[in-house]
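Q: I'd like to go over a predicted model; first the sequence, then the structure.
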Amino acid sequence: MAKAWGGRFQEATDQRVERFTESISFDSRLADVDITGSQAHATMLAKVGLISDNERDQIVSELENIRGEIQRGEMEYRQELEDIHMHIESRLTERLGDVGRKLHTGRSRNDQVSTDLKLYTRAAIDHVDELLLDVQRALVERAERDKDIVMPAYTHLQRAMPVLASHYWLAYAEKFDRDRQRLTDCRRRVNVSPLGAAALAGTSLPIDRHETAKLLGFDDVARNSLDISSDRDYMAEFIFSLSLIAAHLGSWAEEWIIWFTTEFGFLKLPDSFTTGSSIMPQKKNPDVLELIRGKTSRVIADVSQILILLKGLPMAYNRDLQEDKLAMFDALDTVVACLELTPAMVTGAELNVHRINSQLEDGFLDATALMEYLIKKGVPMRTGHETVGTLVGQCESNGCRLADLSLEDLQSACDLIEDDVYEVLGTVNANKALQSFGSGGRAAVEEQIAHWQGRLS
Ligand code: ARG
């Protein structure tokens, strides 16, 4: 078959080269945006008089037929046609002859691919944003449900201070919110039209780039054709945004894998989201979480791939860029697959409150509250820290808790301690004492819940 670019070639392309250079095996998913982009381009060509209105109508409606054909799986993909752009154009030309041969007027595959990718990325951003919103809704639902559960919060995976379980859920709502903000910010740079940059220098034809930008819902038109014809910054940003979502998902999965162990026992996972062992009958394994932790590593690798790809390229389009899609599709598919499972896991998991409560007084979760009690009584912070540290040491050797110490014991460590100390000792009391904005205490958590209810309703 003759190549669209074959005019100056005497020999046919080696089949091994065709196999090596094709991208149809992974870019066919751009079909829909490619057709939309071409319809806008044809509409603009008619508007500026480069094709007639009748030719535009033929092109636009035939492209619509091709869209249907592809959606129904009727388009046969052939390696020698390289990529999705060539498949669609050659089918158009097959049907419309010379009229089809006019579509590519004032356009190069370079700005065409970039336009397709931007339309695709824009829709992908909106989709991931929706999925993140679903996750946030699930988290807020849990926060409302678990308002009365006090649990240990950890640093270094060591018991640190007591928080309401709601505080834990909403911590993830915040992380995913920053992820959404990053996507929104990235979308601004995605939504600038490259179409009409042509190969790299623009064109001598009187195209109207603002018209195609408007038709395709772009907010702006890129100013410099040399820059934009090969720009993939937005794609690196998008993959990075995905990789941070992946990092959040990975660390959440890791945490729950720990919580799901017999040793921790904080969590019960629904049968429908766990798997068994083929030899050990008692096993219930957190494979879904492990795969979330595992799969997200690929997304982080995809960021490296796109950056390494870009840093070696001289201005402007280089064929290396064809590989960008592999990184982006992989990152996108992986994050989408994980996010699709996340809300059901968040709402379906049960906190093992009995287990959490049975160990709630372990680990001196009230030590900081006691230190802050001393500060309120006028003790310098460092002194208070030392005093409580000494008391913790005594408790450890006696196998008791701070709340078990008598008033005399406490007063012998610091004579400013009074009877009201027992209002802050004990894990639940220590949690109640938390009062700063954004803290894990009752009032601050209620404030957070109200914030999220307002935001997500
Ligand atoms: N399939 C190619 C890609 O994705 C199309 C661009 C080819 N452009 C070129 N000037 N050879 O990048």
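A: That came through fine.

Q: okay, now the closest residue to the ligand within the stretch 301-450 of the chain: neighbour count?
A: Of all residues in the stretch 301-450 of the chain, Gln322 sits closest to the ligand, at 3.7 Å by C-beta to the nearest ligand atom. For glycine as for every other residue, the C-beta is placed from the backbone atoms N, C-alpha and C. For Gln322, the neighbour count with other C-beta atoms under 10 Å is 18.

Q: got a list of what it touches?
A: 23, 83 (C-beta atoms under 8 Å, 6 or more residues apart in numbering).

Q: From Lys377, how far out is the residue in the stretch 151-300 of the chain positioned nearest to the ligand?
A: Nearest residue of the stretch 151-300 of the chain to the ligand: Ala199, at 6.9 Å (C-beta to the nearest ligand atom). Remark: distance between Ala199 and Lys377 (C-beta to C-beta, to the nearest Å) = 76 Å.

Q: Please apply the same query to Asp98.
A: 92 Å.

Q: same deal with Asp177?
A: The gap separating Asp177 from Lys377 is 39 Å, by C-beta to C-beta.

Q: one step back: for Asp98 and Lys377, indicate the residue with more neighbours.
A: Higher neighbour count among Asp98 and Lys377: Lys377, with 15 against 8, using other C-beta under 10 Å.

Q: Do I have it right that that one meets Gln411?
A: No: taking contacts as C-beta atoms under 8 Å, Lys377 lies outside contact range of Gln411: 11.7 Å.

Q: how deep is the residue of the stretch 1-150 of the chain found nearest the ligand tucked in, by neighbour count?
A: Residue of the stretch 1-150 of the chain nearest the ligand, by C-beta to the nearest ligand atom: Asp83 (3.6 Å). Counted with other C-beta under 10 Å, the neighbours of Asp83 add up to 22.

Q: Now do the same contact list for Leu139.
A: 169-170, 172-173, 176, 346.

Q: mind putting those in JSON lines, neighbour count, pLDDT and distance to Val48 included?
A: Output for the contacts of Leu139, formatted as JSON lines (neighbours: other C-beta atoms under 10 Å; pLDDT from 0 to 100; distance: C-beta to C-beta, whole Å):
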{"residue": "Trp169", "neighbour count": "25", "pLDDT": "98", "distance to Val48": "55"}
{"residue": "Leu170", "neighbour count": "24", "pLDDT": "98", "distance to Val48": "54"}
{"residue": "Tyr172", "neighbour count": "22", "pLDDT": "98", "distance to Val48": "51"}
{"residue": "Ala173", "neighbour count": "23", "pLDDT": "98", "distance to Val48": "49"}
{"residue": "Phe176", "neighbour count": "22", "pLDDT": "98", "distance to Val48": "45"}
{"residue": "Val346", "neighbour count": "21", "pLDDT": "98", "distance to Val48": "53"}
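
Q: mind giving me CSV with the residues you listed and columns for secondary structure and distance to Glu62?
A: As requested, those are exported to CSV (DSSP: H, G, I helix; E, B strand; the rest coil; distance: C-beta to C-beta, whole Å):
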residue, secondary structure, distance to Glu62
Trp169, helix, 52
Leu170, helix, 53
Tyr172, helix, 49
Ala173, helix, 48
Phe176, helix, 43
Val346, helix, 47
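
Q: Name the nearest of the residues you listed relative to Arg382.
A: Leu170 (32.2 Å; C-beta to C-beta).

Q: ok, now which ones touch that closest one?
A: 139-140, 143, 445, 448-449, 452.

Q: Could you confirm Arg159 falls within a helix?
A: No: remark: Arg159 does not belong to a helix; assigned using DSSP: H, G, I helix; E, B strand; the rest coil, it is strand.

Q: Tally up the residues packed near it, please.
A: If you count neighbours by other C-beta under 10 Å, Arg159 ends up with 18.

Q: Then Thr261?
A: Neighbours around Thr261, by other C-beta under 10 Å: 12.

Q: how far away is it from Leu269?
A: Taken as C-beta to C-beta, the span from Thr261 to Leu269 is 12 Å.

Q: do Ser397 as well
A: Taken as C-beta to C-beta, the span from Ser397 to Leu269 is 39 Å.

Q: which one of the two has more residues nearby?
A: Taking neighbours as other C-beta under 10 Å, Ser397 and Leu269 compare with Leu269 leading, 19 against 7.

Q: can you give me phi and psi for the nearest residue to the more buried one once chain neighbours are set aside?
A: Spatial nearest neighbour of Leu269, excluding adjacent residues (C-beta to C-beta, 6 or more residues apart in numbering): Ala349 at 5.6 Å. Backbone torsions for Ala349, taken as degrees, to the nearest 10, come to phi -70, psi 150.

Q: got a pLDDT number for Ala349?
A: On the pLDDT scale, Ala349 is placed at 97.

Q: close enough to count as contact, it and Ser272?
A: No: using C-beta under 8 Å, Ala349 makes no contact with Ser272, being 11.4 Å away.

Q: shared neighbours, these two?
A: If you check Ala349 and Ser272 against C-beta under 8 Å, 6+ apart, no residue is contacted by both.

Q: Can you pull the residues of the stretch 101-250 of the chain lying near the ligand?
A: 109-110, 113 (C-beta under 6 Å from any ligand atom).

Q: can you put these in TSV and add secondary structure?
A: Listed next are these as TSV, based on three-state DSSP:
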residue	secondary structure
Arg109	helix
Asn110	helix
Val113	helix
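
Q: who wins for neighbours among those residues?
A: Busiest of those [other C-beta under 10 Å] is Val113, holding 26 neighbours.

Q: In contact with it: list those residues for me.
A: Applying C-beta under 8 Å, 6+ apart, the residues near Val113 are 85, 321.

Q: And it, how far from Met86?
A: For Val113, the distance to Met86 - C-beta to C-beta - is 11 Å.

Q: still on that earlier bit, settle it for me: which of Ala349 and Ser272 has more neighbours?
A: Neighbour tally, Ala349 and Ser272, criterion other C-beta under 10 Å: the higher count belongs to Ala349, 19 against 9.
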